[in-house]
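**Student:** the sequence isn't on hand, but the structure is:
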DNA sequence: GTAATAGTGTCTTTCAGACACTATCCT
DNA sequence: AGGATAGTGTCTGAAAGACACTATTAC
């Protein structure tokens, strides 16, 4: 009943790579090499390679590898941004993914990406501003009830460190007792037989790591999809 | 650096249209007219029409109109299913949407769609089973903290009716007092000056409708994206 | 009156936050 | 000893569920 010639739609992936640096949530941006918007700062992204990628998640992982030189254990589909006007090249579909890594991991990408505080974004090409805003909203939302922020902490870490990460992401103080109760009942962390002492003039804190059994299911967090 | 000839990717939308019939959550399926899987029961879906649709949400609304002959006030992007093997025609991107309508509205589509209980799905083509499962999971999850199930109730409705809808969707009994407290503090409903009497041999229940001010923001529910 | 469901008042239990206290390091 | 942060015990207040009671209809 309809035509068999389907006008081509541009299929891409974009990755919102987030990290915590200086107690600030930052997104990794790259300089675009090609038109449109060549030289502009934008989300790392690229075409889906039907011949190479098994699915769009693989495309996102490849983009992350090529543009930032890193792997992200946490890589989750965020949403898909579509339409006739978001890309000057034509009607496009951009499947957006969200990645979270500790700052230490992002150090590997030094020089290849630029870290920008998500609350101080410059004007960005396409609808990348919206995509980032959606990612930040999602991360903040999920952090209220899940263990998602542990992906922003390099292991091993102390509970006060993890609490500080939660407080930065949520943008508000977290009750210490409640926080520890939650961590305890989730039974997701295990103490490492060794204490942190560095800072010095005070009692050292216990170091923790994620229980191996929980490492897998961390991506698919508690509620919903 | 890479090739400029991008192998075509098949771009489609699929709609998971859910309703409540006989106290059961059901999904609307249609018989496929064309290959692949012609004659098979599947989700209503179709190609994105770059020349007609402003974005994929518009494609989904068009599919709903063409295949089921109805408009759904609630139409939300669910997730995107991609890959080389999910469609025998080749590498594909399917942006999935979730729609919720009262059974009375779906009556308009009688004969065009077949309602199937989501807990008794037959084998389905593509990855439509996964898509439906994701939609049901999402609806159940959101129903725990949002007013999403009101989209399954034809207005005006009574509170006992709405509570029954919640109980069916969640699959567990809901505390009456708590339920009414929540409804009250959300201040989302307003009583209609007229009571229901039908059933008869008992006290009639107050009829309610959604407050006009809340009608808009019902789609974008409380938490997250 | 009786049966049946709508709607409400109130007690109990559960959970999150506040606060204060102890513990352990460094200087 | 004193300062600083880690870690814990306990009280309090808010919110959710359990239960029972009243309200209003048809017969």
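**Tutor:** Done, it's in. Please read these numbers as outputs of a predicted model, since none were measured by experiment.
**Student:** mean confidence score for the biggest helix by length in chain A?
**Tutor:** Once chain A is assigned using DSSP state H, the helix that runs over the most residues is helix A:128-143. Per-residue pLDDT over helix A:128-143 has a mean of 97.
**Student:** how does chain A divide into domains?
**Tutor:** Taking automatic domain parsing as the reference, chain A has its domains at A:10-143, A:148-218.
**Student:** compare these and give me the one nearest residue B:84.
**Tutor:** domain A:10-143 (5.7 Å; Cβ to Cβ). To be clear about C-beta, it is placed using only N, CA and C from the backbone, and glycine gets the same treatment.
**Student:** near chain B, which residues of chain A?
**Tutor:** Proximity of chain A to chain B, by Cβ under 8 Å from any Cβ of the partner chain, involves residues A:1-2, A:6-11, A:33, A:47-51, A:53-57, A:77-80, A:82-85, A:90-91, A:93, A:95, A:134, A:137-138, A:141-142, A:144, A:223-225.
**Student:** just the buried residues of the residues you listed.
**Tutor:** Neighbour-count burial (16 or more other Cβ atoms under 10 Å in any protein chain shown) is assigned, among the residues of chain A next to chain B, to A:9-11, A:47-50, A:53, A:55-57, A:77-80, A:82-84, A:91, A:93, A:95, A:134, A:138, A:141-142, A:223-224.
**Student:** mind listing which of these are in helices?
**Tutor:** Using DSSP H, these in helices are A:56, A:57, A:134, A:138, A:141, A:142.
**Student:** returning to that earlier point: mean pLDDT lowest where, among the domains of chain A?
**Tutor:** Lowest mean pLDDT of the domains of chain A: domain A:148-218, a mean of 91.
**Student:** now, of the domains of chain A, which is deepest in the fold?
**Tutor:** Scoring the domains of chain A by mean neighbour count under mean count of other Cβ atoms under 10 Å in any protein chain shown gives domain A:10-143 as the most buried, with a mean of 19.
**Student:** span of it from start to end?
**Tutor:** End-to-end span of domain A:10-143 (Cα to Cα, to the nearest Å): 33 Å.
**Student:** same thing with stretch A:31-49?
**Tutor:** Chord length of stretch A:31-49, first to last residue, is 21 Å (Cα to Cα).
**Student:** in chain A, which spans are helices?
**Tutor:** In chain A, the helices defined using DSSP H lie at A:56-68, A:103-106, A:128-143, A:159-170, A:176-186, A:212-215.
**Student:** one step back: of the ones in helices among the buried ones among the residues of chain A next to chain B, which pair is most distant in space?
**Tutor:** Across those (Cβ to Cβ), the longest gap, 22.5 Å, separates A:56 and A:141.
**Student:** one step back: out of the domains of chain A, which gets nearest to DNA strand C?
**Tutor:** Ranking these by their distance to DNA strand C (criterion: Cβ to the nearest atom of the strand) puts domain A:148-218 first, at 2.8 Å.
**Student:** give me the sheet partners of the longest strand along chain A and which way each runs.
**Tutor:** Secondary structure assigned by DSSP state E gives strand A:10-21 as the longest strand of chain A. Applying DSSP bridges, strand A:10-21 is found paired with strand A:24-31 (antiparallel), strand A:45-47 (antiparallel), strand A:92-100 (parallel).
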